[in-house]
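# Build me a structure from this.
(chains A and B)
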Amino acid sequence: MLEAALSGLLQVVSPSAFGLMLIGSLIGLVVGILPGLGGPVALALMLPFTFGMTPIETFCFLLSTLVVTTTAGGITSILFGIPGEATAAAIVLDGHPMAKRGEAGRAIGAMLMASLLGALIGALLLVAAIPVIRPVVLAFGPPEFLMLALVGLTFIAILSDGAMLKGLIMACAGIMIALVGLDPQTAIPRYTFGKLEMWDGIGIVPLVIGLFGGPQILELMLSKNSVATSNPSKKVQGIWQGFVDAFVHWKVVLQSGLIGAGVGVVPGVGGSVAQFIAYGHAKQNSRKPEEFGKGSIEGLLASSGNNNAKDGGALIPMISFGLPGSVSTAVILTAFLIVGIDPGPAMLTEHLDVTFSMIWVTIIATIIVMIITIPLIAPLSRVTLVNGPLLAPFLLTLVVLGAYASRNSLFDVWVMLAAAAVGVICQRFRWPVVPLLLGVVLGAACERYFFLSQALFGWGWMTRPIVMGFWALMLFILLRALLRAWRSFRLRERI
Amino acid sequence: MEAETPAPRRRIDEIAEWAITLAALAVMVAAWQATTSWPRNAALFPGLVSGFAAALLTLKLVSMVVRKLLVGPLRTTVFGRRRGKALPSDAALTEAAEAGVFATTPLWTWVETLIWLTVFFALLVVVGILPTLAIFGVAYLMIVAKRSIWFALIYVTVLIGAVHLLFVRLLSLRLPQGMLGF
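Purely as a prediction, here's the structure:
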């Protein structure tokens, strides 16, 4: 295995492969910063260029684009509160309040270092998983995947600060939004109101952009202030402080990375969910949970630490079974076929060097994006000092193009606008938005796994051993959150 | 939407809480009702979710009614204190900060901003994104940001150039076109 690891590294640092990795990283940086243009779009656009490349060159090019896109998505989340990527939505929750406090440099530094450490964790997990992954994944069927998704939703209880009931309601609303469109089993249009555009369902990208970006832009236009309310000039050195923060709170980063890699393994769940599970877990275990959502460094590290780790996790089922864990890995799977490699057991024996080259790319590409971004942090941080009215035309353009670009449809712009209105109402009247988004992300997967579980086992799926374990875990999470809420209520009553 | 002081703001919050809960309940009941006309396979999951959501909303509604009956409108806790008593200034300030710009912005600023947004999206539908950027950008920068016409023109030119270069040239993506086909 060591020999394959070394061979993989040597091939990755060869001039042609490394050059392609640099090009992929630059493309990933631009695409990641632009809202709406996520990793899958970037990979799909780059795929035709891989014809004629060797397998290692192909993965250097594509994986570096994907990894850097994921990391760079956090930059716009922090600076403007508009997620550059759907997987960077949780970074908004604490990263943007930090930018508002004038700590954009520190926040970007922490996000970058947590991403790098997360990439390392994901890579290590991938290496460790190589000999044992088959029996573990084979033990999971549709009921277990469904329960895993429901456990993700249960974290709503801790994400919705003091409003668990509202959180659960919003999660249900999110699932209902995910069910809009043609039913996958019977092809019957559901909740489409006779509109053809709705047959494909509601896009996740315009929803994310609207829910998180809409309120931020309206806030800037209403207040006519800059994003940062305090001068960040002295905090630009905060880049290094951000790096240090990632090491000081190493436990948060480690747990977040492990959650990211673990959830990334589950097909169809992916990074959009992993970030919120990691965030919820960090909040539940933090000594200062009340600071989450208000610029907590722990919250930022938790949401950043998993964004590259999940890529390592998503590679596990793809390499072992040819089963893509996300849309991005589905595109990479296509690249496998283009270069003539069949994913499966051969990747763990015959092509082990290629597998290791993929692991090296996730690590080296994160280091590259860090090196590219460090000199950009200071000027980027100063953008947060620009007046709101000056930024408004630029930000409006970004959100409109971001919403439109995902499906080339003006309908998605209206979805974004409606989501923005919902986001504003939720922010004004303190209804949690995150469970809504989580519901949208998980809704389709939940229904698919529910349908398969029913078809295979009837209602008996609920009593399978691993499922029962998940029920117990859900109960534990809920009870723990209820206990915490009760204690905090009693404490407030005494003051 | 006048700039609200803490007391009227709390009243608005209370009314909004009722309105949102009732509206959500109506939507979920309608969503559940819709599933009754679908085949079982298509209806089971949405029926379960909408039914569960309607039950949660009913529970929330009941808890709101009980709280209103038992505690009374002026005795809901705010930061551990009873609402009938005057809030200490720090608590009032914290509450105002949490409510954010949306609660504290005066009515006229809201109207002005919403008019600008309406103009932007109306232009988008009629003339497409690039002419919208030119017209809206120059007007907004001159009137709201109070910048000179030269600044506005340079800003808009750079923005349009960047959009064209990135989206059309580099990424080969289409831009939203208006009804007039620009």
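
# For the rest of this, base every contact and every neighbour count on C-alpha atoms.
Noted.

# In the stretch 201-350 of chain A, where is pLDDT below threshold?
Applying pLDDT under 70 to the stretch 201-350 of chain A flags the ranges A:227-237, A:266-272, A:320-327, A:330, A:343-346, A:348.

# ranges for the strands of chain B?
B:77-78, B:81-82 (DSSP state E).

# just so I have it, where are all the helices in chain B?
Applying DSSP state H to chain B gives helices spanning B:6-35, B:40-71, B:89-99, B:101-104, B:107-127, B:129-143, B:149-163.

# now residue B:16: how far from chain A?
Residue B:16 sits 7 Å away from chain A, taking Cα to the nearest Cα, to the nearest Å as the criterion.

# Hmm, that residue is touching residue A:431, no?
No - judged on Cα atoms under 8 Å, residue B:16 makes no contact with residue A:431 at a distance of 10.9 Å.

# list the buried ones in stretch B:126-140?
B:126-134, B:136-140 (16 or more other Cα atoms under 10 Å in any protein chain shown).

# what do you get for stretch A:367-375?
For stretch A:367-375, burial by neighbour count (16+ other Cα under 10 Å) applies to A:367, A:368, A:369, A:370, A:373.

# pLDDT score assigned to the first one?
The one in question is residue A:367. Listed pLDDT for residue A:367 reads 84.

# Nearest residue to it in space, please, no chain neighbours.
residue A:116 (6.8 Å; Cα to Cα, 6 or more residues apart in numbering or on different chains).

# show me what contacts the one you found?
Contacts here follow Cα atoms under 8 Å, 6 or more residues apart in numbering or on different chains; on that basis residue A:116 touches A:305, A:308, A:363, A:366, A:367.

# Around residue 60, how many other residues sit close by?
Assuming you mean chain A. Using other Cα atoms under 10 Å in any protein chain shown, residue A:60 has 31 neighbouring residues.

# ah, no, chain B please
Neighbour tally, residue B:60, other Cα under 10 Å: 19.

# Kindly report the same for residue A:307.
Residue A:307 has 35 nearby residues by other Cα under 10 Å.

# picking up where we left off before, and of the helices of chain B, who's closest to residue A:318?
helix B:40-71 (28.9 Å; Cα to Cα).

# name the helices or strands packed onto the closest one?
Helices and strands touching helix B:40-71, by 3 or more Cα pairs under 8 Å, 6 or more residues apart in numbering or on different chains; DSSP states H and E, are helix A:164-178, helix A:434-457, helix B:6-35.

# Show me chain B divided up by domain.
B:6-104, B:107-170 (automatic domain parsing).

# With mean pLDDT and distance to residue A:110 as extra columns, can I get these in CSV?
Output for the domains of chain B, formatted as CSV (pLDDT from 0 to 100; distance: least, Cα to Cα, whole Å):
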stretch, mean pLDDT, distance to residue A:110
domain B:6-104, 76, 25
domain B:107-170, 91, 28
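
# what's the offset of stretch A:411-428 from the middle of its chain?
Computed by Cα atoms, centre = their mean, to the nearest Å, the chain-centroid distance of stretch A:411-428 equals 20 Å.

# cool, and stretch A:473-490?
Taking mean C-alpha positions (Cα atoms, centre = their mean), stretch A:473-490 and its chain are 26 Å apart.

# need the domains of chain B in JSON lines with distance to residue A:248, can you?
Shown next, in JSON lines, are the domains of chain B (distance: least, Cα to Cα, whole Å):
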{"stretch": "domain B:6-104", "distance to residue A:248": "29"}
{"stretch": "domain B:107-170", "distance to residue A:248": "39"}
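
# and the residue nearest the centre of chain B, what is it in contact with?
For chain B, the residue nearest the mean C-alpha position is residue B:102 (9.2 Å; Cα atoms, centre = their mean). Residues near residue B:102 by Cα under 8 Å, 6+ apart: A:219, A:222, A:424, A:428.

# can you put the residues you listed in TSV and add neighbour count, distance to chain B and secondary structure?
Below are the contacts of residue B:102 laid out as TSV (neighbours: other Cα atoms under 10 Å in any protein chain shown; distance: Cα to the nearest Cα, whole Å; DSSP: H, G, I helix; E, B strand; the rest coil):
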residue	neighbour count	distance to chain B	secondary structure
A:219	21	6	helix
A:222	22	6	helix
A:424	24	8	helix
A:428	18	6	helix
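
# what's the most distant pair in those residues?
Within the contacts of residue B:102 (distances taken as Cα to Cα), the two that end up farthest apart are A:222 and A:428, at 13.5 Å.

# Can you give me the distance of residue A:311 to residue A:189?
According to Cα to Cα, to the nearest Å, residue A:311 stands 34 Å off from residue A:189.

# Quick check on these two: which one has the bigger neighbour count.
Neighbour totals were compared for residue A:311 and residue A:189, and residue A:311 leads with 31 against 22 (other Cα under 10 Å).

# Against which helices or strands is the helix or strand that one falls within packed?
For residue A:311, the enclosing helix or strand under DSSP states H and E is helix A:309-321. Counting contacts by 3+ Cα pairs under 8 Å, 6+ apart, helix A:309-321 is packed against helix A:104-129, helix A:133-138, helix A:250-265, helix A:270-285, helix A:327-338, helix A:352-383.

# a markdown table please, covering those and showing distance to residue A:52.
Formatted as a markdown table, the helices and strands packed on helix A:309-321 follow (distance: least, Cα to Cα, whole Å):
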| stretch | distance to residue A:52 |
| --- | --- |
| helix A:104-129 | 27 |
| helix A:133-138 | 32 |
| helix A:250-265 | 30 |
| helix A:270-285 | 30 |
| helix A:327-338 | 9 |
| helix A:352-383 | 17 |
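
# if we compare these, which one ends up closest to residue B:66?
Closest among the helices and strands packed on helix A:309-321, using Cα to Cα: helix A:270-285, at 29.7 Å.

# buried sites along that closest one?
A:270-284.

# Farthest-apart pair in the residues you listed, please.
Farthest pair in the buried residues of helix A:270-285 (Cα to Cα) is A:270 and A:284. Separation: 21.3 Å.

# Residue B:125 against residue B:119, yeah?
No - counting by Cα under 8 Å, residue B:125 sits too far from residue B:119 to count as a contact (10.0 Å).
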